[in-house]
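> structure here, sequence nowhere to be found:
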């Protein structure tokens with residue numbers, strides 16, 4: 001008898017809980033004349049922080065003629081898993097920082113730089129902006145098809161890739177910075 005009572009109370013509680021979770025149903029109103037002038041209550045206002053927004057892709061201003069060879073070399077090195085080539089492509093400060101992090105994690109430098117699939121199929125650079133020995137460009141790979149802005153630096157007369165992004169540097173300065 002006790003188990004029957006417990007089962008009954010459990011089922012009753014569940015039924016009450018489920019009835020409280022039900023939504024209201026909209027009943028059609030007799031006056032639909034102003035339907036075009038009313039707002040849909042299910043659509044958040046355009047200035048709502050809850051409303052989903054899709055960023056508009058940045059317009060391509062140039063095809064990054066200066067930085068494209070560096071990034072293409074990066075994609076080829078990642079595709080071939082060529083750590084020696086990566087050491088030539090990345091800036092000295094980036095390599096130094098990556099080596100210390102890889103050592104802490106007990107992984108290779110190549111594993112440290114492998115953040116996602118990178119190959120030569122989708123390996124694009126656009127919108128380069130060069131200011132002295134620093135440049136910013138948007139890069140696109142298979143793992144980042146929408147692109148991300150990355151900082152490049154000039155060392156010994158050659159452009160080098162970094163792991164820095166102006167998008168992230170505005171919120172927090174990195175511990176290791178590249179020399180200009």
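Arrived safely. Quantities reported herein were computed from a predicted structural model and do not represent experimental measurements.

> that's a helix at residue 93, yeah?
Yes - counting by DSSP: H, G, I helix; E, B strand; the rest coil, residue 93 is part of a helix.

> tally of neighbours for it?
Using other C-beta atoms under 10 Å, residue 93 is surrounded by 19 other residues. The C-beta positions use only the backbone N, C-alpha and C, and glycine is treated the same way.

> just the one 10 residues further on next, same as before
One way to gauge burial is a neighbour count; for residue 103, by other C-beta under 10 Å, it gives 12.

> for it, give me the pLDDT.
Residue 103 is assigned 95 on the pLDDT scale.

> ditto for residue 167
For residue 167, the model assigns a pLDDT of 80.

> show me where the chain has its helices.
Listed in chain order, the helices of the chain (DSSP state H) span 2-21, 68-80, 83-89, 92-105, 109-113, 166-169.

> lowest-confidence stretch among those helices?
When these are compared by mean pLDDT, helix 2-21 comes last with a mean of 53.

> give the buried residues for stretch 101-118.
102, 109, 110, 112, 113, 118 (16 or more other C-beta atoms under 10 Å).

> ditto for stretch 65-82
Of the residues in stretch 65-82, 67, 68, 70, 71, 73, 74, 75, 76, 77, 78 count as buried by neighbour count, 16+ other C-beta under 10 Å.

> now do the buried residues in stretch 144-164.
144, 147, 149-155, 159-164.

> got it, and stretch 131-141?
Neighbour-count burial for stretch 131-141 [16+ other C-beta under 10 Å]: 134, 135, 136, 137, 138, 139, 140, 141.

> ok, the nearest residue to the fifth one once chain neighbours are set aside to residue 94 distance?
Among residues not flanking residue 138 along the chain, residue 147 sits closest, at 4.4 Å (C-beta to C-beta, 6 or more residues apart in numbering). From residue 147 across to residue 94, the span is 20 Å (C-beta to C-beta, to the nearest Å).

> which strand in this protein has the most residues?
As assigned by DSSP state E, the longest strand anywhere in the chain is strand 144-155.

> need the contact partners of it.
Outside strand 144-155, the residues that touch it by C-beta atoms under 8 Å, 6 or more residues apart in numbering are 57-58, 67, 70, 91-92, 116, 122, 124, 126, 132-140, 159-167, 169, 178-180.
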